[in-house]
Structure formats: C-alpha cells, structure tokens
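Novice: Here is a sequence with its predicted model. Questions after.
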Amino acid sequence: MLRKAWRGEERFWKVWWLLGLPLHLAWWAVYLYLWGTGVPPESFLLMTIWFWPGMLGLFAGCGALYLAWCTAAWRCAANVDRRVWTYVARLLIGVGLGSFLTECALILTAPLIAG
C-alpha cells in the first residue's frame, strides 16, 4: 500500500484514513498529553529541541513523515469517485501543510523563553 500511495495509485480513502488518521491521532495524543501536564506544546518542543539534541532529529523525522504523507495524499487525491473530493482533500492538505510549516518556523526561530 505504501508504494502504491507514493506513486499516486492507491485509492484516496486508504491514504487519508489508514495512513493519515493514525499519524494525526498520534500527533494529537502528544499535544493533549502536554496540555494535560500544563506544558504548552510549543514551549516543550522549543525547550527540547535546544536542550535535548535527540529531539531535533525526532522533530525532523516526524516532519519528514508528515511531508511524505502530504505528498502521497496529494498524489492520490484524484483517485476518488466524485471529483469534488479531490478539491476538498487538496484544500485540506494545503491548509494543514501551511499550518505545519508555520509552526515549524515559529518553533525554530522563537527565542527561548523560560516560563
């Protein structure tokens, strides 16, 4: 399924629901855990990126995984029965990608503020 998705040959629902949903749920589980412990996720990421060297690699790996999913989802978005879903999917992918890149830029360029 991964090879077909990367080549844009997989049905879109499989890429969206079977690959994207678990990826997003894992990301949100981390966010909810951080909020539950009273640590704003942005502060946690910023502190760990600068003070725990392994976190930068983990952050980069997660980012690469998300970008790979965005690429596969974009390529497979045309594999739907109704063309309107192609446009909706690509709009949502673009919005999510824009949000992700904005967060990355803010986290990596923000000054370290001890809170």
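Specialist: Noted; the coordinates are in hand. Residues are numbered from 1 along each chain as shown.
Novice: The longest helix along the chain - contacts with which helices or strands?
Specialist: Using DSSP state H to define each element, the chain has its longest helix at helix 84-109. Here helix 84-109 touches helix 12-13, helix 41-51, helix 53-76, going by 3 or more C-beta pairs under 8 Å, 6 or more residues apart in numbering; DSSP states H and E. Yep, even glycine has a C-beta here, placed from its N, CA and C like the rest.
Novice: Those: lowest mean pLDDT?
Specialist: Across those, helix 41-51 has the smallest mean pLDDT, namely a mean of 63.
Novice: Who are the contact partners of the residue nearest the centre of the chain?
Specialist: Centroid check for the chain by C-alpha atoms, centre = their mean gives Y66 as the closest residue, at 4.0 Å. Residues near Y66 by C-beta atoms under 8 Å, 6 or more residues apart in numbering: 23, 27, 100.
Novice: Find the helix or strand that D81 is a member of.
Specialist: Per DSSP states H and E, D81 falls between elements, in no helix or strand.
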